[in-house]
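Asker: Would you be able to build a 3D model of this:
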Amino acid sequence: MGTITAKPHGGGRKAAIRGKQVSKLKSLLRRCPDATIEQVREHLGDVTSATVCRTLNRIGWTLKTARYKQTERGVFRSPFCNPVFTTKCGRLYEADCMQILPRLPDGSAAMVFADPPFNLGKMYGPKSRDRRPEQEYIRWCQSWLRECVRVLRVGGSLFLFHVPKMAMQLGSYLVNDHLRLLNWIAIDYNLGVAIPNRLTPRHYALLYFAKGIRQRSTSYATRSRHAATVGKM
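Answerer: So this is what the prediction gives:
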């Protein structure tokens with residue numbers, strides 16, 4: 001009667017994209033956000049188009065909804081990542097930062113100011129989630145801090161605003177991620193929030209980091225000569 005042999009998934013192609021392949025995919029999408037599914041598949045190698053689509057959905061990228069050939073379908077971010085306000089000075093976004101930061105090129109930001117939810121169970125809106133297990137919360141913070149460090153240019157500044165306990169842990173992470181801690185700034189806060197079994201905190205921490213050494217455009221000698229010339233005038 002014969003036998004039936006199960007065909008390998010997708011003709012033997014990989015059923016999932018993991019590890020370094022995900023980083024490779026994100027790097028491609030940052031460079032070419034309008035790449036087609038077929039182009040992404042060819043760049044990654046031995047994977048199926050369906051695998052690419054599942055991975056894109058998992059890492060937060062969305063696909064055009066038009067019903068035409070998958071090989072012609074462009075890759076792009078969700079509509080809520082469009083700027084809500086634009087001027088000649090820049091663009092303002094209202095979205096999850098992890099929907100925006102991965103699209104920014106390396107070293108493109110002069111300054112980053114991070115004021116995340118403090119994981120105190122506050123309601124920031126219907127989609128907010130401000131109560132996570134502590135280690136999960138720290139891992140979540142580290143995920144977007146990695147992106148902040150990546151987009152920060154050499155000589156740029158990063159400010160992190162948080163409660164002292166978390167500032168210590170996240171600050172240690174940032175120092176180990178090639179940033180220099182320049183200052184711990186204490187922000188006086190007289191209306192501290194009562195926390196069970198702990199003293200009520202009376203200040204917030206504002207940590208000031210720098211990435212590398214800031215390049216000065218004018219030497220001290222040049223500034224001195226310029227000041228002397230101005231004085232003679």
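Asker: Now the residue nearest to the spatial centre of the chain: which helix or strand?
Answerer: Most central in the chain under Cα atoms, centre = their mean is Glu147, positioned 3.3 Å from the mean C-alpha point. Secondary-structure assignment from DSSP states H and E places Glu147 in helix 134-151.
Asker: re the thing from before, just the pLDDT for the closest residue to the residue nearest to the centre of the chain other than its chain neighbours.
Answerer: Leaving aside its chain neighbours, Glu147 sits nearest to Leu101 (3.8 Å; criterion: Cβ to Cβ, 6 or more residues apart in numbering). Glycine gets a C-beta too; all of them are placed from N, C-alpha and C. Looking at Leu101, its pLDDT stands at 87.
Asker: any idea how far Leu101 is from Pro201?
Answerer: 29 Å (Cβ to Cβ, to the nearest Å).
Asker: same check, this time on Met166
Answerer: 11 Å.
Asker: can you list contacts of stretch 139-149?
Answerer: For stretch 139-149, the external contacting residues (Cβ atoms under 8 Å, 6 or more residues apart in numbering) are 97-98, 101-102, 104, 109, 112, 114, 116, 132, 158, 160, 166, 170, 173-174, 177-179, 211.
Asker: what secondary structure does the closest residue in space to Arg131 that isn't next to it in sequence sit in?
Answerer: Nearest residue to Arg131 in three dimensions, chain neighbours excluded: Gly121, at 4.4 Å (Cβ to Cβ, 6+ apart). Recorded secondary structure, Gly121: coil (DSSP: H, G, I helix; E, B strand; the rest coil).
Asker: so Gly121 touches Arg132, yeah?
Answerer: No: counting by Cβ atoms under 8 Å, Arg132 is not a contact partner of Gly121; they are 9.8 Å apart.
Asker: neighbour-wise, which of those two wins?
Answerer: When neighbours are counted by other Cβ atoms under 10 Å, Gly121 and Arg132 differ, and Arg132 comes out ahead with 15 against 11.
Asker: nearest spatial neighbour of the more buried one, skipping sequence neighbours?
Answerer: That would be Asn119: by Cβ to Cβ, 6+ apart, it lies 6.0 Å from Arg132.
Asker: Give me the below-cutoff pLDDT ranges for this structure.
Answerer: Scanning the chain for pLDDT under 70 picks out the ranges 1-14, 33-34, 60-81, 127, 191-195, 215-233.
Asker: Which parts of it are helices?
Answerer: 20-31, 37-44, 49-58, 97-100, 134-151, 164-176, 220-232 (DSSP state H).
Asker: closest one to Trp184 among the ones you listed?
Answerer: Nearest of the helices of the chain to Trp184, taken as Cβ to Cβ: helix 164-176 at 7.6 Å.
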